[in-house]
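In: after the sequence you'll find the predicted model.
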Amino acid sequence: MSEIVLAGNPNTGKSSLFNTLTGSYEYVGNWAGVTVEKKVGTLKAGKGTLIDLPGLYSLNPLSHDEEVASRFLLGESFDSILNVVDASQLDRNLNLTVQLLEYGKPLVIALNMMDVARQSGLEIDTSRLSELLGVPVIPVVARSGKGTDQVLEAITRSTSGEALKPYFISYGELLENAVAELTERLPEEILSPRWMAIQFFEGNSVVRAALEATIDKEWLDHQYKTTEESLCRTFGVRTLSQYIRKQRADHIHAYLEQCVRHTKEGYRTFSERIDRIVTDKFLGIPIFLLFMYLTFKLTFEWIGSPLSDLLDAFINGPLRSGTTWLLDSMGAQDFIKALIFDGIFAGVGGVLVFVPQIFILFFIISFIEDSGYMARIASVMDRLMELVGLNGKTFIPMIIGFGCNVPGIMAARTIEQPKERLLTIILTPLMSCSARLSVYSLFVGIFFKSNQALVVLSLYVLGVVLALLLAKLFSSTILKQQESMFVVELPPYRIPQWKTLSRSTWEKGKGFVRKAGTFIFGGSVLIWLLSYTGPHGFNVAMDQSFLAKIGGLIGQVLTPLGFGSWQAGAALITGFLAKEVVVSTMNIIYAAPDTATLQGLLAGHFTALQAYSFMAFILLYVPCLATVGVIRKETMSARWTWFSVLYALVIAYIISYIIMLVGRALGYN
Ligand code: GDP
Ligand code: MG
């Protein structure tokens, strides 16, 4: 079996091609760097395996992703490279291609996005390009699958062991001499000494580390310095790597002169026209907010809530009576019935009714990613983010965090600066995730009936504003920032395909459903047991239960925040498991047969102001268990993990307290 590596710039369609070539599904998105993990699949024809590397602009690693890719290319054995190139952005993409060609493994170019290139008036002579580069160049449209058969064929041929034409571009006498001197010292068995030398001079840290294992470090440093000095003196460049990139760009430019023709002059693309408006200096942020507002309108008022009501009616109507009949006919004990209805139905059912709303939200997030709007949001937020010491790119993990904090935090891997990455990781939990949505949904349905979308939007904005303020605070105190640069590029807009959207919605949403079957199920049984038992035995009155005792302890501390009951205390403790469990706990505690009844009961226990303060507290108080786990994994630091939990508790307390103060001052209670 041969192993083929898929390499290319971010957002060029690697994952799409991966999916059509292997027939399996993988997460597909439309912003730079969605792929952060190594994915392996079996080629459709069964003639090998395909490995999807993270997107990279150059082999010289700048970001965490590029380092993963660079290490892979250096360290692992594989048979050939499938280089995905965006036909509409050839000059930028070929920079990587040239480096891969210099590396010297068999290579096939999949020239993707041919449809986009054609639309924007580019005519590419692929056979000429293939001649110039000395490798097969196959035009593809990964999205529709056009050309992928030919790609399969070409990679099969490429691994059949035909001799390669060595690829060579000259970097000028000065550098070539230095390269020759270095390659002479390299051990014989190295695959591509010339490539190693060029990468070394370009500043590739992975290659340098590899060289230092066999060659004297002082000699290397000396060579690097003297070469850089003479190049700078002769050609007036600032650095050695700048010189190399310039040389490469000149070669690429010369190739493109020979094989690309622009047919429509002065063609303004559709994307540019839309961007005029949505990334406008003044309109950008209001448009984004309007978009979010419509999202919540859709989620709560227009589609989501009616669907939730239907589901609720089904669970607590036919499903409940069917189960009752079944249990009765089996002669089930009261304990079992109580466990099933007061525990599982209340706990799991109470959360499942929010599935429609959560899926709609995930659908919209998938749409944002896949249409290309995500990158615009990042660029619109850039100026705001810069004020607090971050850049627009760090907003992307945060938006993903709106769906679920866990993938949001993982997406922070694409951020180059370690400190910005850390800040993003510890602030993403402030983004209101879909689990919190089930709590909001429950409460706004009671206390803010006429403006549900607006109230929920305010909570989302609260999370974002706090994240920005805290970023400022942290970056000027505990985490002094380096200068940052903004590198998100704007991919062209694309109308997302229905198939991709629905798959990616399901990919995200299934976690929620799975949680209902595992965590929330287990949590519900546990909570019910705690409510069923107490210091004085079984089947105790609810306020004599263990749950009431534990909740009561917490409740005391929460009194200044407006929700000092043991019920709220108990819900908050269990909410650490997963925020939806707050809803489960409430259902169990108030022994409500369905959502409507629970809402009726809660109306008597909270005021609107207390409910708002409670929702804000739920948003902020502590990242859920899974999020804490991923923070630990991504920061590799127990200290930062504790920090994330503790600062969140403090902020939650302060904010809820302020909400009560301000609310009371305004005459609410
Ligand atoms: P990756 O970041 O390289 O893995 O790229 P993806 O596979 O995630 O693709 C990025 C976006 O480009 C997605 O929205 C795809 O649907 C879209 N896309 C991929 N290939 C094509 C293509 O050939 N034509 C067009 N128009 N869009 C494509
Ligand atoms: Mg990808």
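Out: That came in fine, so what should we check first? Ligands and ions are numbered 1, 2, ... in the order given.
In: report the closest residue of the stretch 151-300 of the chain relative to ligand 2.
Out: Nearest to ligand 2 in the stretch 151-300 of the chain, going by C-beta to the ion, is V151, at a distance of 16.4 Å. Every C-beta, even on glycine, is put in place using the N, C-alpha and C of the backbone.
In: for I155, give me the pLDDT.
Out: Per-residue pLDDT puts I155 at 87.
In: so it makes contact with G48?
Out: Yes - between I155 and G48 there is a contact under C-beta atoms under 8 Å: 7.5 Å.
In: shared neighbours of the two, anything?
Out: I4 (C-beta atoms under 8 Å, 6 or more residues apart in numbering).
In: out of these two, which sits in the more crowded spot?
Out: More neighbours surround I155 than the other of I155 and G48, with 29 against 18 (other C-beta atoms under 10 Å).
In: distance of the more buried one relative to G23?
Out: 15 Å (C-beta to C-beta, to the nearest Å).
In: could you do I400 as well?
Out: When I400 is compared with G23 (using C-beta to C-beta), they lie 27 Å apart.
In: and those two? Which one has more around it.
Out: A side-by-side neighbour count of I400 and G23, using other C-beta under 10 Å, places I400 first with 28 against 11.
In: let's verify the more buried one: helix, strand, or coil?
Out: helix (DSSP: H, G, I helix; E, B strand; the rest coil).
In: skip the chain neighbours and tell me the closest residue to it.
Out: Of all residues not flanking I400 in the chain, G408 sits nearest, at 4.2 Å (C-beta to C-beta, 6 or more residues apart in numbering).
In: and A110, that one's in a helix?
Out: No - the assignment for A110, made by three-state DSSP, is strand rather than a helix.
In: mind starting the numbering at 468 from now?
Out: Taking 468 as the first residue, the last one we looked at is A577.
In: list the contacts of it.
Out: 484, 549-552, 605, 607, 609, 614, 618.
In: please flag which of these sit within helices.
Out: 484, 618 (DSSP state H).
In: widest-spaced pair of the contacts of A577?
Out: N550 and G614 (14.4 Å; C-beta to C-beta).
In: so which of these two has more stuff around it?
Out: Taking other C-beta under 10 Å, N550 and G614 do not tie; N550 has more neighbours (26 against 19).
In: what sits against the more buried one?
Out: N550 touches 474-475, 563-564, 567, 574-577, counting by C-beta under 8 Å, 6+ apart.
In: can we see that at 7 Å?
Out: 474-475, 564, 567, 574, 576 (C-beta atoms under 7 Å, 6 or more residues apart in numbering).
In: farthest-separated two in the residues you listed?
Out: G475 and L574 (11.5 Å).
In: between these two, which one's more packed in?
Out: A side-by-side neighbour count of G475 and L574, using other C-beta under 10 Å, places G475 first with 28 against 23.
In: now for the protein, the helix or strand with the poorest mean pLDDT.
Out: helix 531-542 (a mean of 77; mean pLDDT, DSSP states H and E).
In: that helix: how far from the chain's middle?
Out: 20 Å (C-alpha atoms, centre = their mean, to the nearest Å).
In: what is that helix packed up against?
Out: helix 672-679 (3 or more C-beta pairs under 7 Å, 6 or more residues apart in numbering; DSSP states H and E).
In: for the helix it packs on, buried residues please.
Out: Across helix 672-679, burial judged by 16 or more other C-beta atoms under 10 Å covers 673-675, 677-678.
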